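K.L.:
Take a look and give me a structure for this.
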Amino acid sequence: MIDYAKTAARADASLRRKGGIVVLRQVVTGEYDPGLGTAPSTATDFEGTGVMINYEAENIDGTLIQAGDQQLLLSPLQRNGAPMPAPTAADLVLFGGASFTVKAVETTAPVDVAVLHTLQLRGL
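P.N.:
Numbers count the residues shown, from 1 in each chain. Sure, this is the predicted structure:
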């Protein structure tokens, strides 16, 4: 039987050798506060490792994937060794001094163990 936790650790090690530090920022909006007139939000940053890849020209359709979009291969583990929370399209990514919105996420997770997150990013 395959040990997918070891597979995730190998993916993390490979991305650490070839990639850079990535910050996944997840923002959670609380309940509406009438006194503030808004719903407060809390941002939590998770530091991980990833590799940025340009989309091939034939994959850019101008609608779902636009010129300038990037693909990020994100480790399933944070830099501290804890599991990376599952990214969502509501998240932000900080990488190489730039900020991106997450447009789509595909997680490779055989038997519910994440071994790689593939994110479609669009610059802010």
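
K.L.:
For the rest of this, base every contact and every neighbour count on C-alpha atoms.
P.N.:
Will do.

K.L.:
Please name the residues that touch residue 113.
P.N.:
4-5, 8 (Cα atoms under 8 Å, 6 or more residues apart in numbering).

K.L.:
What about the residues you listed, which are in helices?
P.N.:
Among the contacts of residue 113, the ones falling in helices (DSSP state H) are 4-5, 8.

K.L.:
returning to what we had before: could you pick out the buried ones from the contacts of residue 113?
P.N.:
Buried members of the contacts of residue 113, counted by 16 or more other Cα atoms under 10 Å: 4, 8.

K.L.:
Make a markdown table from the contacts of residue 113 and add distance to residue 74 and pLDDT to it.
P.N.:
As requested, these are exported to a markdown table (distance: Cα to Cα, whole Å; pLDDT from 0 to 100):
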| residue | distance to residue 74 | pLDDT |
| --- | --- | --- |
| 4 | 16 | 88 |
| 5 | 16 | 88 |
| 8 | 11 | 91 |
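
K.L.:
What is the nearest of the contacts of residue 113 to residue 109?
P.N.:
Nearest to residue 109 among the contacts of residue 113: residue 4, at 8.6 Å, using Cα to Cα.
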